[in-house]
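> Sharing a sequence plus its predicted fold:
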Amino acid sequence: NAGVTQTPKFQVLKTGQSMTLQCAQDMNHNSMYWYRQDPGMGLRLIYYSASEGTTDKGEVPNGYNVSRLNKREFSLRLESAAPSQTSVYFCASSELVLEGSKTQYFGPGTRLLVL
Amino acid sequence: RKEVEQDPGPFNVPEGATVAFNCTYSNSASQSFFWYRQDCRKEPKLLMSVYSSGNEDGRFTAQLNRASQYISLLIRDSKLSDSATYLCVVNPSGISAGNMLTFGGGTRLMVKP
């Protein structure tokens, strides 16, 4: 099992360019997440998908869109990149439970630099 | 006020030392608590869950104090390989909405020979 995979690993964009970050998991998890991690800020949730067919905003959704393509795949799109979106982006997945929380498994991350 | 607060460190300790980290959380309704470990330029990975009665996993002991809303992690007999950033993580609502988690900023540990 590969677990959670992300592409690309690194990306440099110019302000105003668009791109899509891809994420896939092979653990048959229902829930998937996108986070960004900035120095001193910890991981902040951008969007999540509790189950296939649903997506919801997290703490910092502005400037991003997501698509839950199927149970395995959850993509994050930057329509018009801004320097403030320079960050490390992590995708994660977990089982879905009614209460409490299940372990989230993270992908290796995408390092994005917006010039 | 941040929902989950940690001392960013770094904590510099010699091999074999015992080191403890604390973390405070603001939402008293929080139900689930975890410590994740993140190595430099790597993804976070679950280190251990934190249970109300406290729990131990080898050299690692986690404690929860609900009254004071803090969580602790104790590492005994530190190894060089323990050098990492330790993330305090809380499930803020207690009710799963996609199992959302709130992460602290992390505490950096450096174990020296």
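Thanks, I have the structure now.

> For stretch A:57-69, buried residues please.
A:58, A:60-61, A:64, A:66, A:68 (16 or more other Cβ atoms under 10 Å in any protein chain shown). Placement of C-beta: from N, CA and C, glycine included.

> Isn't B:V19 up against B:P10?
No. B:V19 lies out of contact with B:P10 (Cβ atoms under 8 Å); the separation is 10.9 Å.

> Pull up the overlap in contacts between those two.
By Cβ atoms under 8 Å, 6 or more residues apart in numbering or on different chains, B:V19 and B:P10 have these common neighbours: B:L109.

> Now name the helix or strand holding the residue nearest the centre of chain A.
The centroid of chain A falls nearest to A:W34 when counting by Cα atoms, centre = their mean (2.4 Å). With secondary structure defined by DSSP states H and E, A:W34 is part of strand A:31-38.

> With B:Q63 instead?
Assigned by DSSP H and E, B:Q63 falls in strand B:60-65.

> can you check A:R111 too?
Judged by DSSP H and E, A:R111 forms part of strand A:110-114.

> quick check: mean pLDDT across that strand?
Averaged across strand A:110-114, pLDDT comes to 97.

> Need the contact partners of that strand.
A:6-15, A:19, A:21, A:81-90.

> and if we set it to 6 Å?
By Cβ atoms under 6 Å, 6 or more residues apart in numbering or on different chains, the residues outside strand A:110-114 that reach it are A:6, A:10-13, A:21, A:81, A:83, A:85-86, A:88-89.

> Could I get the buried residue list for the strand holding B:Q63?
Those would be B:60-64, for strand B:60-65 by 16+ other Cβ under 10 Å.

> one step back: if I look at the residue nearest to the centre of chain A, how far off is chain B?
From A:W34 over to chain B the distance is 12 Å, taken as Cβ to the nearest Cβ, to the nearest Å.

> what sits against that residue?
Counting by Cβ under 6 Å, 6+ apart, A:W34 has contacts A:46-47, A:76, A:91.

> Beta-bridge partners for it, please?
A:Y47, A:C91 (DSSP bridges).

> list the helices and strands the helix or strand containing B:V89 packs on?
In this assignment (DSSP H and E), B:V89 forms part of strand B:84-91. Using 3 or more Cβ pairs under 6 Å, 6 or more residues apart in numbering or on different chains; DSSP states H and E, the elements in contact with strand B:84-91 are strand B:4-6, strand B:19-25, strand B:32-38, strand B:102-103.

> could I get these as a markdown table with mean pLDDT and mean neighbour count?
As requested, the helices and strands packed on strand B:84-91 are arranged in a markdown table below (pLDDT from 0 to 100; neighbours: other Cβ atoms under 10 Å in any protein chain shown):
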| stretch | mean pLDDT | mean neighbour count |
| --- | --- | --- |
| strand B:4-6 | 93 | 21 |
| strand B:19-25 | 95 | 19 |
| strand B:32-38 | 94 | 22 |
| strand B:102-103 | 90 | 23 |
